[in-house]
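> Here is the input, now give the coordinates:
(one chain, ligands or ions: 2)
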Amino acid sequence: MANDLLKKRVINFTDWEQEAEKRITPHAFTYIKSGAGNEETLRANEEAFYRWKIRPRFLKDVSERNLSITLFGKKHPTPFILAPIGMQGIAHPEGEKATAKAAQNMNVPFIASSVSTYSLEEIAHESVDNSRWFQLYWSKDWEITSSFVKRAEQAGYEAIVVTIDTALLGIRQGDLTHGYSPLKLGEGAGNYFSDPVFLSRLNESPAANIEAALKELVNVVYEPSLSWEDLSFLRKHTNLPILLKGILHPEDARLALEHSVDGVIVSNHGGRQLDGCIAALDALEEVAKAVGGKIPVLFDSGIRRGPDVIKALALGADAVLIGRPYIYGLAADGQMGVEQVLLNLGADVDASLALSGLSSIKHISPEIIVKKG
Ligand SMILES: Cc1cc2nc3c(=O)[nH]c(=O)nc-3n(C[C@H](O)[C@H](O)[C@H](O)COP(=O)(O)O)c2cc1C
Ligand SMILES: O=C(O)C(=O)c1ccccc1
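Numbering: from 1, shown residues only. Ligands and ions are numbered 1, 2, ... in the order given. As a prediction, the model looks like this:
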């Protein structure tokens, strides 16, 4: 399959998106593609990149290039991380297992979602030698929260990523029209149905009464009361680095530092939560300034091509999370598709770096970009 796709020159984001659309159900495709509301923020995420232009320098010997970065003391060959994307079973039967294998082959850290189709242990099994982080949806049932964290530690996950922009799910028109909720269909149950605490809350096993089990899952998945003080609970339960995903305000970045958080991810959840909120890229510079290099600043929401990565790093990101592009690769061609998307993006970043007159990711600085219009 991969060769067929390459013969068809499936190279860039829109090509992968079209291939994905051909291979999965319309409802699943709409779910992945959509943003919240009028999709103003979804569009803004990509448009924000157009307003920044790279100002290249020349005659700088770019014959050898280094794309590597270091995060939490660990070196990675590219500045990519696979974003937490839940319910990957809707994109491919192998779901997160295929993604985890691809991530391992490509040496790219993978952030496994709380609402994965497969359990965090199954995902770990497919990528024993690779960096894995666990994305936490802080459950309304805090014993489930601490159980997830304990399991992630035991399974060798290296960081906990708390998503803070999901007090509830954003209003997504297409899914509501279709009445489509993969969570309610059980596509996000991998971690819950294998969790001793979650199972202890049920009167009957999920096998005996799937409706009741899914109802309980949907009931406990988010904790809308979560506040800054609660982070100390998490700190008591783990020594792993804690990152907050969804930071958009410099004041929240300062609060993250105050609460001894180990990293922040500037993100608006790919425009899927609050429509009308600022483009993630437009939040990056100020957040990075507020953080002042004290902890890593990661970025997602709108990364599609190599130059996007250069721009995000120039505005202060230490690495970028790849979201929809790899899920389209997964939908189009499973593990091979994810690998191909990462290879294409890697080649694009490499070329963009060289053509900007830089030989290392470490040399990317604010001076290489200018704001236009
Ligand atoms: C289908 C889908 C499911 C997602 N599931 C999660 C999730 O479970 N946890 C989470 O923190 N973010 C989730 N996200 C958000 C991504 O981690 C990331 O922030 C977003 O995809 C970045 O935007 P982009 O895909 O437009 O680049 C999801 C995104 C998509 C498209
Ligand atoms: O679809 C999403 O963006 C998402 O993050 C999510 C999280 C939990 C349940 C369903 C979807």
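
> what's the residue of the stretch 51-200 of the chain found nearest ligand 1 in contact with, if anything?
Across the stretch 51-200 of the chain, no residue is closer to ligand 1 than Gly86, which sits at 3.0 Å (CB to the nearest ligand atom). In short, each C-beta sits where N, CA and C put it, glycine included. Contacts for Gly86 (CB atoms under 8 Å, 6 or more residues apart in numbering) come out as Ser113, Ser114, Val115, Ser116, Pro182, Leu183, Glu187, Gly188.

> Looks to me like Val370 is in a helix.
No: read with DSSP: H, G, I helix; E, B strand; the rest coil, Val370 is strand and lies in no helix.

> dump the residue contacts of it.
Residues Trp52, Lys53, Arg55 are the ones in contact with Val370 under the rule CB under 8 Å, 6+ apart.

> Let's see the pLDDT reported for the first one.
You'll see Trp52 listed with a pLDDT of 98.

> before we move on, the earlier item: can you put the contacts of Val370 in a markdown table and add secondary structure, distance to Tyr222 and neighbour count?
Below are the contacts of Val370 laid out as a markdown table (DSSP: H, G, I helix; E, B strand; the rest coil; distance: CB to CB, whole Å; neighbours: other CB atoms under 10 Å):
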| residue | secondary structure | distance to Tyr222 | neighbour count |
| --- | --- | --- | --- |
| Trp52 | strand | 34 | 20 |
| Lys53 | strand | 39 | 15 |
| Arg55 | coil | 43 | 10 |
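
> Look up the closest residue to Lys97, ignoring the ones flanking it.
For Lys97, the nearest residue in space outside its immediate sequence neighbours is Glu126; the separation is 4.8 Å by CB to CB, 6 or more residues apart in numbering.

> And what about Gln135, helix, strand or coil?
Strictly by three-state DSSP, Gln135 counts as strand.

> can the longest helix anywhere in the chain be found next to ligand 1?
Of all the elements of type helix in the chain, the one with the most residues (DSSP state H) is helix 324-355. Yes: for helix 324-355 and ligand 1, the contact criterion (CB under 6 Å from any ligand atom) is met by Arg324.

> Who are the packing partners of that helix?
Using 3 or more CB pairs under 8 Å, 6 or more residues apart in numbering; DSSP states H and E as the contact criterion, the neighbours of helix 324-355 among helices and strands are helix 2-7, helix 13-23, helix 26-33, strand 80-82, helix 95-106, helix 306-314, strand 319-322.

> ok, of the contacts of Gly86, which come out buried?
With burial judged by 16 or more other CB atoms under 10 Å, the buried subset of the contacts of Gly86 is Ser113, Ser114, Val115, Ser116, Pro182, Leu183, Glu187, Gly188.

> And the strands in the stretch 201-350 of the chain?
Per DSSP state E, counting those that start in this stretch, the stretch 201-350 of the chain has strands spanning 242-247, 263-266, 297-299, 319-322. These are given in chain order.

> Now render those strands as JSON lines, adding mean pLDDT and distance to Gly306.
Conversion of those to JSON lines gives the following (pLDDT from 0 to 100; distance: least, CB to CB, whole Å):
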{"stretch": "strand 242-247", "mean pLDDT": "99", "distance to Gly306": "23"}
{"stretch": "strand 263-266", "mean pLDDT": "99", "distance to Gly306": "19"}
{"stretch": "strand 297-299", "mean pLDDT": "99", "distance to Gly306": "15"}
{"stretch": "strand 319-322", "mean pLDDT": "99", "distance to Gly306": "11"}
